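> I would like to see how this sequence folds:
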Amino acid sequence: MPISGCTPSKKPSETKDANVPIDKTKETCPLAAQNPKITTVSGPKDLGCGGFDWKVLFDLPNAAGKDGWIIQEVTASFDSVNPDGTTNFKKAYHYWEAWEIKAGNKAEILPPGYDCTDQYYSSSRPGTKGAIKYVGKV
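Now for the predicted structure:
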């Protein structure tokens, strides 16, 4: 969700001169948020044996009024076991991603050669069984 920049309000005691009044007409951190659209570029493609590939584009319904960001929180877990029951791969991740949106644009300006904002991908794991899970909140 893109968030506008802001100027936090200050208490008079936090200024250099406590006798200087604070201008209360100035912006004090309003959030300008839009729910991004998520459009599939390709996939989701089943690569077999737990592998997958899905490319998406994030864009806004309206042009951004100010420079801002589309922010995504991701949680992912991988849990695969070999036929003999031993662990093949077990990991969990939690991270944040951000894409800058310039004022007047609806989407990130993609670098040359890129066709998507984000890609969800996992390689195949032949001879194993288990679960792979990605959850992204944009």
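> may I ask which helix or strand encompasses the residue nearest the centre of the chain?
The residue lying closest to the centre of the chain (C-alpha atoms, centre = their mean) is Q72, at 2.0 Å. Per DSSP states H and E, Q72 falls inside strand 68-81.
> that older thread, so what's the residue nearest to the centre of the chain bridging to?
As for beta bridges, Q72 partners with E97 under DSSP bridges.
> same question, the one 4 residues further on
On the basis of DSSP bridges, A76 takes part in beta bridges with Y93, Y134.
> pLDDT wise, what is it at?
Looking at A76, its pLDDT is 95.
> cool, P12 as well?
46.
> also the one 3 residues further on?
The predicted local distance difference test score for T15 is 47.
> what does stretch 90-107 rub up against?
If you take C-beta atoms under 8 Å, 6 or more residues apart in numbering as the criterion, stretch 90-107 is touched by 2, 57-80, 108-109, 117-118. Every residue, glycine included, has its C-beta placed from N, CA and C.
> buried among these? Need that as a selection in PyMOL.
Here is the PyMOL command that picks out the buried ones among those, judged by 16 or more other C-beta atoms under 10 Å:
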select buried, resi 2+57+58+59+60+64+68+69+70+72+74+76+78+79+80+108+117+118
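> thank you kindly, that will do.
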